[in-house]
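In: predicted coordinates and the sequence they were generated for:
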Amino acid sequence: MGEVVLFPGKEVKEANMAKTLWDRIDVLEEKYQGLDRLHQVINEMEQEVTTLEKAYDEVLEEYANSVGADNIEVGILQYSAKAIIEVLPEEGSITIRWGDGKPQDMHLGDEE
């Protein structure tokens, strides 16, 4: 007769599943720690960007006072946290302006 192969019993299966779960916990913990580090980096970058935006807008305000709000290039306005963007779906357009300046289309000068 042939050799009889015994399949693992319930206890062996449970032990294997528990080991698999513990191994996956280790991997998940490592990934969670990585996510925590990334969130910290993102938070620090957001704080830096906020500081840069404030400084940018201070210079932009001086520039607007010098050249006039209607004469600020669209490309410059796009980086301002204080620029006013308006979406006009009925006209199919998006405009941007500074303060009471004239709204300008959001396309850059090289697009035609």
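Out: Yep, that arrived. Residues are numbered from 1 along each chain as shown.

In: state the mean pLDDT of the lengthiest helix in the chain.
Out: Longest helix in the chain by number of residues (criterion: DSSP state H): helix 10-67. In this model, helix 10-67 has an average pLDDT of 96.

In: same for that helix, what does it pack against?
Out: Helices and strands touching helix 10-67, by 3 or more C-beta pairs under 8 Å, 6 or more residues apart in numbering; DSSP states H and E, are helix 74-77. Bear in mind the C-beta positions are built from the backbone N, C-alpha and C, glycine included.

In: pull out the buried positions in the helix it packs on.
Out: 74, 76-77 (16 or more other C-beta atoms under 10 Å).

In: stretch 66-83 too?
Out: In stretch 66-83, counting by 16+ other C-beta under 10 Å, buried: 69, 72, 74, 76-77, 80, 83.

In: next, give me the two most distant ones among those.
Out: Across the buried residues of stretch 66-83, the longest distance by C-beta to C-beta is 12.7 Å; it joins 69 and 74.

In: what's the nearest residue to residue 106 if we skip its chain neighbours?
Out: What sits nearest to residue 106 in space, not counting adjacent residues and going by C-beta to C-beta, 6 or more residues apart in numbering, is residue 94, at 4.3 Å.
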